[in-house]
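1. Can you look at this prediction? I've put the sequence above it.
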Amino acid sequence: MALQPTNKTLIEKLKSISPKGTQKDKGMMKAERELKKKQTSSIKKYRELVSNGNKNNYWNNLCYEAFSDHKSSERPFKDKCGHLFSKISDVSINIVDGVMEPLKTSPPPNICISNINQLKEGVFLNYLNKTESSHDAFINLNNGMCKNGSVFSVEKSEIPQIIHINHIIKKPGIQQARQVFNIEPNAQVTFIETFQGKTERFENTISQWVIKENACVDKYSFGSRAGSHKKSQSVFTEFIEQHSNSACDFYSFFYSKGSLGFGGNVRNNIKLELSGKNILSNLWSVSLLNNAAGVDNNIYLKHLMPHCSSSQVFKGLFDGESKGKFDSCVYVAPNAQKSDTVQKNNNILIDDGSIINSNPQLEIFADDVKCAHGSTIGQIDNKAMFYMKSRGISESVAKKLLLSAFVGEVVEAIKNDQIKKIITKEIDAQFKT
């Protein structure tokens, strides 16, 4: 059979476009290989740190091996706190076991929310590279195994907005999750995160923030990312990068009772860099714990440029066999003149079985700065109790008034009146007998 004439024009066209297509495929394959290589090396580093016994102190309170072959079944779930903030939010989403549910309504045009598995390999690799660690096993574990998470991008809007993220835990076992927050210049936004679930869980989460010039961010976090089960454990590592003229207030609340209560152990690693000028950065926290719940706060804050202000105000009330830790270091770089930073950690031990360790530190390499730190650990003021009881106030009411006033500094700093009202109500619930 005679051969058909060759379409030379078509062949030439195919030749002209094939190299480009092949090059694109090669680029995608290279990014995929690099990502896989990074994940493999992170798992290898994690195993090395574990096998060498090079454990951070907080490992002693964690037992993540118990979750690797977990056989507990999924428990029925009833939403207890999602309604508290959904009515005052511009956007409200549910994240179930690390996977974001479809939004019921479209977010405002300046807000983009997506699953992290939708990121291109090269972009995801860039996020992993920014959280590389040579000594933290849990960061390496997340870098190597994380497949679930969300990406939030917020641009400038005419008025401040509120985004409520309601995390729901249904399945037991180990979860590696990652969150990325890209806050564009001049944006004004508030994030509220709540966590619910009664199944036994080990949650290892990394959160990455890039807060650009002139942006203003408030964030409120309530409870443990592993839910409310008394044996659940959470390791949360937060990387925050602030740029010039930005302002941030990050609040965390840990309650043992009420709609936002939790059990188990929580480890918070906060790594905050003030990488521009004229930055305002505040960290606020209240822990009202009883039974055997524990909260371990580990903070490393860097002042890298001049004319920046930061503060840390952490308040703790510990009852029963609960335990807390405040380990904070503020580093002031040589060129970070006119820095102003304060560390304040105040604690009350209500029961003889409760424990608190407090260790504020300063590393100052500039000479024109204002730096202060303070830590107190004590008990309820018996003289104040006696005075109030002598005026006809019952012991339970007197105790509630004193302890509520103790954490009042943090509550009064809340700017949003609706959020303040909810938080005040939940604090009151901690002192009900």
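-> That came through, no problem. Remember, it's a predicted structure, so these values are computed and weren't measured experimentally.

2. what about the helix or strand where residue 300 lies, average pLDDT?
-> For residue 300, the host element (DSSP states H and E) is strand 294-303. Confidence for strand 294-303, expressed as mean pLDDT, is 97.

3. helices or strands up against the helix or strand following that strand?
-> The first helix or strand that comes after strand 294-303 along the chain, using DSSP H and E, is strand 309-318. Judged by 3 or more C-beta pairs under 8 Å, 6 or more residues apart in numbering; DSSP states H and E, strand 309-318 is in contact with strand 280-289, strand 294-303, strand 323-332, strand 340-349, strand 355-364, helix 395-406, helix 408-412. To be clear about C-beta, it is placed using only N, CA and C from the backbone, and glycine gets the same treatment.

4. picking that back up, what residues does the strand holding residue 300 touch?
-> The contact list for strand 294-303 (C-beta atoms under 8 Å, 6 or more residues apart in numbering) reads 58, 61, 254, 264-274, 281, 283, 285, 287, 289, 310, 312, 314, 316, 322-333, 336, 339, 341.

5. Could you export that strand as PDB, CA atoms only?
-> Extracted in PDB, the C-alpha atoms of strand 294-303 (Å, rounded to 0.1, in the frame of the first residue of the first chain):
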ATOM      1  CA  GLY A 294      -1.000  21.100  80.800                       C
ATOM      2  CA  VAL A 295       0.100  24.100  78.600                       C
ATOM      3  CA  ASP A 296       3.800  24.600  77.700                       C
ATOM      4  CA  ASN A 297       4.600  27.900  76.000                       C
ATOM      5  CA  ASN A 298       8.000  28.300  74.300                       C
ATOM      6  CA  ILE A 299       8.600  31.600  72.600                       C
ATOM      7  CA  TYR A 300      11.600  33.000  70.600                       C
ATOM      8  CA  LEU A 301      11.000  36.600  69.500                       C
ATOM      9  CA  LYS A 302      13.600  38.500  67.300                       C
ATOM     10  CA  HIS A 303      13.900  42.300  67.100                       C
END
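
6. Direction included, what does it pair up with?
-> Strand 294-303 pairs in its sheet with strand 265-274 (parallel), strand 323-332 (parallel), by DSSP bridges.

7. Point out the one among the helices and strands packed on strand 309-318 that comes closest to residue 86.
-> The closest of the helices and strands packed on strand 309-318 to residue 86 is helix 408-412. By C-beta to C-beta, the value is 21.8 Å.

8. Tell me what residue 92 is bridged to.
-> residue 164.

9. i'd like the first residue to be 578 from this point on
-> Sure, I'll start numbering at 578, so the last one becomes residue 669.

10. pLDDT wise, what is it at?
-> We have a pLDDT of 93 for residue 669.

11. hang on, residue 944 is in a helix, isn't it?
-> No - assessed with DSSP: H, G, I helix; E, B strand; the rest coil, residue 944 is coil; it does not lie in a helix.

12. List the contacts of it.
-> By C-beta under 8 Å, 6+ apart, residue 944 lies in contact with residue 914.

13. Distance-wise, check it relative to residue 917.
-> For residue 944, the distance to residue 917 equals 14 Å [C-beta to C-beta, to the nearest Å].

14. what would the strands paired with strand 871-880 look like in TSV with mean neighbour count and distance to residue 948?
-> Shown next, in TSV, are those (neighbours: other C-beta atoms under 10 Å; distance: least, C-beta to C-beta, whole Å):
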stretch	mean neighbour count	distance to residue 948
strand 842-851	23	14
strand 900-909	22	7
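
15. Identify whichever of these lies nearest to residue 936.
-> That would be strand 900-909 among these, by C-beta to C-beta, at 4.8 Å.

16. tell me the average confidence for that closest one?
-> 97.

17. Just the CA trace of that strand, in CSV.
-> Provided in CSV are the C-alpha atoms of strand 900-909 (Å, rounded to 0.1, in the frame of the first residue of the first chain):
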residue,chain,number,x,y,z
LYS,A,900,0.9,22.2,84.9
GLY,A,901,2.2,25.2,82.9
LYS,A,902,5.4,26.4,81.5
PHE,A,903,6.6,29.8,80.1
ASP,A,904,9.9,29.7,78.4
SER,A,905,10.5,32.9,76.4
CYS,A,906,13.6,34.5,74.9
VAL,A,907,13.7,37.9,73.2
TYR,A,908,16.7,38.6,71.0
VAL,A,909,17.5,42.2,70.1
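
18. how many degrees apart are that strand and strand 932-941 in direction?
-> Strand 900-909 runs at 0 degrees relative to strand 932-941, counting by axes from the mean of the first three to the mean of the last three C-alpha atoms, to 10 degrees.

19. any idea how far strand 900-909 is from the chain center?
-> In terms of C-alpha atoms, centre = their mean, to the nearest Å, the centre of strand 900-909 is set 16 Å apart from its chain centre.

20. quick check: angle from it to strand 886-895?
-> With the same axes, to 10 degrees defining the directions, strand 900-909 sits at 170 degrees from strand 886-895.

21. Poorly predicted segments of the protein, please.
-> The chain contains residues with pLDDT under 70 at 578-605, 630-655, 657, 1010.

22. quick one, domains of the chain?
-> 600-852, 957-1010 (automatic domain parsing).

23. Return the most buried member of those.
-> domain 600-852 (a mean of 18; mean count of other C-beta atoms under 10 Å).

24. how far does it sit from the chain's center?
-> On C-alpha atoms, centre = their mean, the centre of domain 600-852 falls 6 Å from that of its chain.

25. follow-up on the earlier one: I'd like the strands paired with strand 871-880 laid out as CSV, including distance to residue 788.
-> Formatted as CSV, these follow (distance: least, C-beta to C-beta, whole Å):
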stretch, distance to residue 788
strand 842-851, 10
strand 900-909, 18
